[in-house]
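J.: From the sequence below, what's the structure:
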Amino acid sequence: MTKENLATKYNPKEFEDKTYKMWMEKNHFNAQVDPDKEPYTIDLPPPNITGQLHMGHALDQTLQDILIRWKRMQGYATLWLPGTDHASIATEVKVVEKIQKEEGKSKEEIGREEFLKRAWDWKEVYGNRITEQMKKLGSSCDWDRERFTMDQ
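T.: Residues are numbered from 1 along each chain as shown. Purely as a prediction, here's the structure:
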């Protein structure tokens, strides 16, 4: 690459998405049991599904990512286990607010089964948003092992 064809401005969209996709396709973050290597694991303190990541998450996850990548480079068998937390009471508040705002109803008016359906719908939107935001940060979690606190 010469100075003449080097971009003058950094465009993360051109580079970061493509690089992360390649890492995922090549399973660079997938943990493997290797009896010849010492294991090193980080169990991600799961962000809850009540919204989206904030600066505290970004800081905490960046530090965890540094540790897990450092241990990978040192030859450890690493696993950074990702997940999200249902945050039951906080999520209930968010879902109740949404129902009230959009439909003018209470959770009692829609009934238990319909409320649970709405809570799971909320999880699909916000749980996925959080994991996608983590991927945008470049988090090197083993996404094939992702868990949710309400999983079997």
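
J.: And the residue nearest the centre of the chain?
T.: With distances taken as CA atoms, centre = their mean, Thr131 lies nearest the centre of the chain, 2.5 Å away.

J.: Remind me what the helix or strand bottoming out on mean pLDDT in the chain packs against, helices and strands.
T.: The helix or strand of the chain with the poorest confidence is strand 83-84; it has a mean of 84 (mean pLDDT, DSSP states H and E). Using 3 or more CB pairs under 8 Å, 6 or more residues apart in numbering; DSSP states H and E as the contact test, the elements touching strand 83-84 are helix 112-137, strand 147-148. C-beta: built from backbone N, CA, C; applies to glycine.

J.: average pLDDT across the last one?
T.: Confidence for strand 147-148, expressed as mean pLDDT, is 86.

J.: Then the longest one?
T.: With pLDDT averaged residue by residue, helix 112-137 scores 88.

J.: Who are the packing partners of it?
T.: Applying 3+ CB pairs under 8 Å, 6+ apart, one finds that helix 112-137 makes contact with helix 55-73, strand 83-84, helix 88-103.

J.: what does the last one give?
T.: In terms of contact count using 3+ CB pairs under 8 Å, 6+ apart, strand 147-148 is assigned the packing partners strand 83-84.

J.: Nice, that's everything, thank you.
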